[in-house]
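Visitor: okay, structure incoming, though there's no sequence with it:
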């Protein structure tokens, strides 16, 4: 019985420690190296632009629901230096490719089958989006996707785009 209690206590401590180490709003975006098509994308290349960084998987229902929203952001704000970047976390990129065949997008998609970038950003659920300002500071973190929150996200994006002009 003591072994079970100690095991549960250890699991709880690890969970709390992990959440304490998770990326928080106000912190710099960690250094990320992502495969985007045939190219590699380094997060340092994104400085100077406002970034909507989304972590998703092809098996995630809310992730799929977020794609029309991200596409609308790309169309509405691309000229204003918003970068919409969707990072796929499927272990096999073929699953993501199949999904993208049915729903082509104009925003950039990167692949991270080992989840290194998600771990660095403290992603605990999907989809998770990070709004990053031009200085590379994470300003907001949202887990999950709800259509009724899209107006507030748009307002935040507009504010970030105007903030550093």
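Guide: Looks like it came in fine. Just so you know, these numbers come straight off a predicted model, no measurement behind them. Numbers count the residues shown, from 1 in each chain.
Visitor: ok, the strand or helix carrying residue 129: who's next to it in the sheet?
Guide: Using DSSP states H and E, residue 129 sits in strand 128-132. Here strand 128-132 has these sheet partners by DSSP bridges: strand 50-56 (antiparallel), strand 138-143 (antiparallel).
Visitor: tell me the helix or strand right after the helix or strand bottoming out on mean pLDDT in the chain.
Guide: One helix or strand of the chain scores below all others by mean pLDDT, DSSP states H and E: helix 2-21, with a mean of 42. On the C-terminal side of helix 2-21, the nearest following helix or strand under DSSP H and E is strand 33-36.
Visitor: which strands and helices lie in contact with that following strand?
Guide: strand 39-42, strand 108-111 (3 or more Cβ pairs under 8 Å, 6 or more residues apart in numbering; DSSP states H and E). Just so you know, the C-beta spots here come from the backbone N, C-alpha and C atoms, and that holds for glycine as well.
Visitor: deepest-packed of these, please.
Guide: Neighbour counts (mean count of other Cβ atoms under 10 Å) averaged over each of these peak at strand 108-111, with a mean of 19.
Visitor: now that strand: average pLDDT?
Guide: Across strand 108-111, the average pLDDT comes to 94.
Visitor: got the contact list for it?
Guide: Under the criterion Cβ atoms under 8 Å, 6 or more residues apart in numbering, residues 34-37, 41, 83-88, 90, 93, 96, 100 lie in contact with strand 108-111.
Visitor: could you export the helices and strands packed on strand 33-36 as CSV, including distance to residue 53?
Guide: Below are these laid out as CSV (distance: least, Cβ to Cβ, whole Å):
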stretch, distance to residue 53
strand 39-42, 11
strand 108-111, 9
